[in-house]
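S.K.: no letters, just coordinates:
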């Protein structure tokens, strides 16, 4: 009986929530803001700063390690959630600009590139809706990679950014295996099939193999440099030279080193020093509006998701909360990442 009562209460809450959402969408439609929800997570609009009129600026946040693996509550990855927010901003005619709020040490190469392409596509489809990057404490490596295609980049003078480079990290534990008497048996179809294997003797890794891995890293690094050069050149052209162009010697500072916001401005990696409010002001200026309501999208959780969470159980999994979410970095994978800023 108790379970039945709890279920009835949940059903009533879910029904009221959906009715409120339906009324809200109807109200937005009558107010002239028309959009249809695409596939992906369900999003609700939250007002951060209210203003008169219909014009809006949408804030899309990127926090933490950029990954396509770690699913958020509700089943959407960071990349999927960001793409859904951009689609929502694209379809909402009242949204006049987007602020990409970045606080990240970087992350997976492919995930960073997917976000980069989503931002580029957004600005191509709607040139009149500029994307302004607002850097927080940290926008390094992949965090800078996804900022580089934006129309304008704002950083605090104490922001840590740059770290333009690629890293592949792993461990070789063969010496430990030898100490405990553990010996691997490997059967392979080709001499390079066990590349990057952590249980090989260090002297078994040939110079040819090391050269192949280094070539892969160098190619990915070259892609990073091209993204920066193309993004900053496009930004400077789109702003009619109003922003900062890359300095002639910018390549010397794209060697993996981190830069302060002030240094990044000197070398043309960012356009302006300031905080989030300055990013909002810049977004209004570029979009040609005097006032706007600042909104952010958050994922909606309804009864179906709640019941799905309750239905999940795995007796073999034990999670210990240490107060810190450690990133799940995988050996042998390429990252646009600044490891020094990970917990």
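M.R.: Here it is on my side, so go on. The structure displayed is predicted, hence computed values, not measured ones.
S.K.: regarding residue 87, what is its secondary structure?
M.R.: For residue 87, the assignment made with DSSP: H, G, I helix; E, B strand; the rest coil gives helix.
S.K.: for burial, what's the neighbour tally of it?
M.R.: Neighbourhood size, residue 87 [other C-beta atoms under 10 Å]: 19. In this view, the C-beta of every residue, glycine as well, is placed from N, C-alpha and C.
S.K.: do the same with residue 264
M.R.: 26.
S.K.: pull the contacting residues for it.
M.R.: Residues in contact with residue 264 (C-beta atoms under 8 Å, 6 or more residues apart in numbering) are 155, 159, 161-162, 270.
S.K.: among those, which are located in strands?
M.R.: Those of the contacts of residue 264 mapping onto strands are 155, 161-162, per DSSP state E.
S.K.: tell me the most packed of the residues you listed, by neighbour count.
M.R.: Result: residue 155 is most packed of the ones in strands among the contacts of residue 264 (other C-beta under 10 Å), 32 neighbours.
S.K.: any idea what that residue is bridged to?
M.R.: Following DSSP bridges, residue 155 is listed with bridge partners residue 135, residue 273.
S.K.: isn't it right next to residue 137, touching?
M.R.: No - Residue 155 lies out of contact with residue 137 (C-beta atoms under 8 Å); the separation is 10.4 Å.
S.K.: pLDDT wise, what is residue 171 at?
M.R.: Residue 171 is assigned 80 on the pLDDT scale.
S.K.: what is the neighbour count of it?
M.R.: For residue 171, using other C-beta under 10 Å, the count is 8.
S.K.: now do the buried residues in stretch 172-192.
M.R.: By neighbour count on 16 or more other C-beta atoms under 10 Å, the buried set for stretch 172-192 is 172, 174.
S.K.: swap in stretch 129-145?
M.R.: Using 16+ other C-beta under 10 Å as the test for burial, stretch 129-145 gives 129-136, 138-145.
S.K.: tell me the span between the first and last residue of it.
M.R.: One end of stretch 129-145 to the other measures 20 Å (C-alpha to C-alpha, to the nearest Å).
S.K.: pLDDT weak spots in the stretch 1-150 of the chain?
M.R.: Regions of the stretch 1-150 of the chain meeting the criterion pLDDT under 70 cover residues 13-40, 70-75.
S.K.: all helices of it, in order?
M.R.: Assignment of helices within the stretch 1-150 of the chain using DSSP state H, counting those that start in this stretch yields the ranges 2-30, 78-91, 109-125, 142-145.
S.K.: check contacts around residue 254.
M.R.: 162, 164-165, 224-225, 228.
S.K.: apply 10 Å and report the result again.
M.R.: Contacts for residue 254 (C-beta atoms under 10 Å, 6 or more residues apart in numbering) come out as 144, 162-165, 221, 224-225, 228-229, 246, 267, 269.
S.K.: and residue 195, by the same measure?
M.R.: 188, 205, 209-210, 212-213, 332.
S.K.: narrow those to just the buried residues.
M.R.: The neighbour count (16+ other C-beta under 10 Å) marks residue 209 as buried among those.
S.K.: for the contacts of residue 195, give me CSV that also has distance to residue 111, secondary structure and pLDDT.
M.R.: Converted to CSV, the contacts of residue 195 look like this (distance: C-beta to C-beta, whole Å; DSSP: H, G, I helix; E, B strand; the rest coil; pLDDT from 0 to 100):
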residue, distance to residue 111, secondary structure, pLDDT
188, 30, coil, 85
205, 28, coil, 84
209, 27, helix, 87
210, 26, helix, 88
212, 24, helix, 90
213, 21, helix, 90
332, 16, coil, 62
